[in-house]
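>>> give me the fold of what follows.
(2 chains)
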Amino acid sequence: MATRPAPCETEKRFEALVVAHADFVFRSVRRLGVPDSLADDATQQVFLTARKRFDAITAGREKAFLFGVATNVASHVRRTLGRRRETDEPSEPLADPRPLQDAALDAERARVLLDHVLGTLPIELRAVLVLAEIEEMTMAEIAELLSIPAGTVASRLRRAREAFHDEARRVRARIDRPSARALFAASVGGPTLSTEASR
Amino acid sequence: MSDPVSTDSPNDELDRALFAAGRDESMPSARKNALFASLGVGAGVAAAGALSATKVATVAAGTSTALGASAPSVATKVGVAIFAKWLVVGVGCVALASVATIALHPGPLAAPAPTSSAHLPTDSVGSSAHAASPRAPAATAAGTPHENASASAAPPTNAPAKAALATAVHEPTNAATRTLTAPTTVTGANAARVAAPALDDPRSAPEPTTVGATAGPSAAPTGETPPKSRSSSLVEELALVDAARTALLRGSLAEADAALTSHGKTFPSGLLAEEAAVLRIDVLSRRGDHGGAKRAALAFLATYPSSAHAKRMRSYAGEPK
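Purely as a prediction, here's the structure:
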C-alpha cells in the first residue's frame, strides 16, 4: 500500500489475487451462509470490492481483507435472504420425522449438514470456527486475520466447537441409523462413527 | 488428521467429517472460469489453464507471483484481444436487449448469442480442465461427477448471466449490485446446473430439463465416476427449494409456486419436505390467502409439532405462541 503501482501492475496483481484466492473466497461465503445459488455472485462481489479498494489492501494481508469483505457480503446476503428466517430459530433441514430411507450421506450432504450446523452459530463464533477448521489456520493466524486478541480467538473457538458439536449431535440424532452412519463413514472416508463418542 | 489449533480440537468423528467436507469444497471449475471472465481475468486464466491445473487455484497460488512478475505479455494481449472481440460481438448484437430479456427468461431462450461471446475467453481452460480430469479420488469422490457435469453444462446456462455481467465489467459496482439484488438469472442458471447431474429424474424443474438433456451426452464421456443418484437427488431437491425461496424473496409467487409444485411431485417425502411446506405456506400468505395459509399451517403443526418453524406457523394458524 506504500507506493501506488502503475495501473497495469495493479491489474496484474489483482488478477493474481483473484486466481490465488477464488476458492478461499468461495468457500468462505458458502460457509458464512451464502447459499450455493448465490455463491458465485457473492464471490464476484468480494473481488469487485477488492478491486475498488485495491490500494487499501496491505501486502501480505490479502486474505484478511478478502475475508473481511466476504463476511460483509455474506451477512448482506443472509439479511436479504433471511429476514424471514432470522426472526425465528434457524431452519431445520432435517426435521422431517419420517425415516430417511437409504439416503447416502456423501460429501454433498455433509456440506448441507455442515452449513446447517454452522448456521446455528453466532457469526463471530462461526467465522473463527470456519477459519480454524475449514481453512486450517492457527489461532495466531486467525487472531491476526480478524485483528482480535489470541485469547479471544481461543475462547470463541472453544465455544464454537461446543456449540457446533451439540448441534451436530442433535441433528444426527434425527438421522442416526446404522445404514446412514455406515454410508456416511464410507463416503467421507472416515472410520465408522462411534455411537456415543464423548458426552 | 492434523490439528492446526493446539487446544480442544474436535474429537468427534461427525464434527470432523463435516469439517472435512467443507475443506474439500472448491469452486467448480466452470463457475470459476465464469467468475474469472466476469472479472476480466482472462489472461491469467489462460496462463493457469495452459498449465492444465487439476486445481487451478492450487497451482495458481504457487505461480501467482510468477504470473504477477513475469506476466506473459502475449497472454495478456491475447486475452485483451479476445475480451475486446467478444465485447464487441456481445454489445453489437444483443447487449441491452439480452440483459433485459435474460432477466425475464433465465431459460435456454437467451442462450445462443451471449453463450458464444461470454464463453470464448474461458473455453480453452474449460477443455483443459476436462482433459486433466483425474483427481484425487478421496477429496472429490462426490464432487467430481457434479463438477464434470457442470463443467460442460454450465457455460451455456451461466452464459446469459455472466455475459450480462461481462458487458458490465467496466461498471463493477453496478454489475454486482444488480446480480445480488436480482438473482433471477443466476438462480435459473444454478437450478439448471445443479439439476444437470441429476439425470435420474428429469421430470422436475422444467427449465433445467432441457439443459440436463444436453449436458447428459457431453458429461457422460468425461465423467469418470457415475453420479451418485442419492446425492444428486438431494442436490436437485435443494435446487428446487432454493429456487422457490429466491423466487419468493423476489416476490415471484408464481415461480415459487411452480418450484414447490415440482418439488412436491418429485420429492413427495424428500429431506426438505418441511422446508418446502413452510415456503408453500409463505406463498399462500403472501398471496393474501390467509384462510389457506391457516389451514396449511395447522396441518403443518400436526405433522411437524417440534419444528423450528413452529413458532411462525402458529402465528399463521392464529394460535398463541
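>>> residues of the stretch 201-321 of chain B that sit close to chain A?
Residues of the stretch 201-321 of chain B found near chain A (Cβ under 8 Å from any Cβ of the partner chain) are B:228, B:230-231, B:234-235, B:238-239, B:242-243, B:245-246, B:249, B:269-275, B:278, B:282, B:303-304, B:306-309, B:311-312. All C-beta spots, glycine's among them, are computed from the backbone N, C-alpha and C.
>>> mind checking which of these land in helices?
Assigned to helices by DSSP state H, the following of those qualify: B:230-231, B:234-235, B:238-239, B:242-243, B:245-246, B:249, B:273-275, B:278, B:282, B:303, B:311-312.
>>> residue A:13 is in what secondary structure piece?
Assigned by DSSP states H and E, residue A:13 belongs to helix A:7-31.
>>> correction: the previous question concerned residue B:26.
Going by DSSP H and E, residue B:26 is not in any helix or strand.
>>> returning to what we had before: ok, of the residues of the stretch 201-321 of chain B next to chain A, which come out buried?
Burial by neighbour count, 16 or more other Cβ atoms under 10 Å in any protein chain shown: within those this picks out B:228, B:230-231, B:234-235, B:238-239, B:242-243, B:245-246, B:249, B:270-275, B:278, B:282, B:304, B:307-309, B:312.
>>> quick one: low-confidence parts of the stretch 201-321 of chain B?
B:201-232, B:234, B:319-321 (pLDDT under 70).
>>> oh, I was asking about chain A
Ranges of chain A meeting pLDDT under 70: A:1-7, A:82-106, A:174-199.
>>> hey, where'd the helices end up in it?
Counting by DSSP H, the helices of chain A are A:7-31, A:36-52, A:62-86, A:107-119, A:123-129, A:139-146, A:150-175, A:178-188.
>>> contact partners of the fifth one?
Counting by Cβ atoms under 8 Å, 6 or more residues apart in numbering or on different chains, helix A:123-129 makes contact with A:31-33, A:67, A:71, A:75, A:118, A:121, A:142, A:146, A:153, A:156-157, A:159-161, A:163-164, all of which sit outside it.
>>> make it 7 Å
Residues outside helix A:123-129 that contact it (Cβ atoms under 7 Å, 6 or more residues apart in numbering or on different chains) are A:32, A:71, A:75, A:118, A:121, A:142, A:146, A:153, A:156-157, A:159-161, A:163-164.
>>> check these one by one and keep those near chain B.
Applying Cβ under 7 Å from any Cβ of the partner chain to the contacts of helix A:123-129, one finds that A:157, A:161, A:164 fall near chain B.
>>> could I get those as CSV with neighbour count?
Formatted as CSV, these follow (neighbours: other Cβ atoms under 10 Å in any protein chain shown):
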residue, neighbour count
A:157, 22
A:161, 23
A:164, 25
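>>> picking up where we left off before, which parts of the helix holding residue A:13 are buried?
In helix A:7-31, counting by 16+ other Cβ under 10 Å, buried: A:11-31.
>>> elements contacting it?
helix A:36-52, helix A:62-86, helix B:29-38, helix B:42-50, helix B:56-70 (3 or more Cβ pairs under 7 Å, 6 or more residues apart in numbering or on different chains; DSSP states H and E).
>>> can you tell me the closest non-neighbouring residue to the residue nearest to the spatial centre of chain A?
When Cα atoms, centre = their mean is applied to chain A, the residue found nearest the centroid is residue A:31 (2.2 Å). In space, and not counting its chain neighbours, residue A:31 is closest to residue A:130: 4.5 Å by Cβ to Cβ, 6 or more residues apart in numbering or on different chains.
>>> same deal with residue A:65?
In space, residue A:65 is closest to residue A:57, 4.7 Å off (Cβ to Cβ, 6+ apart).
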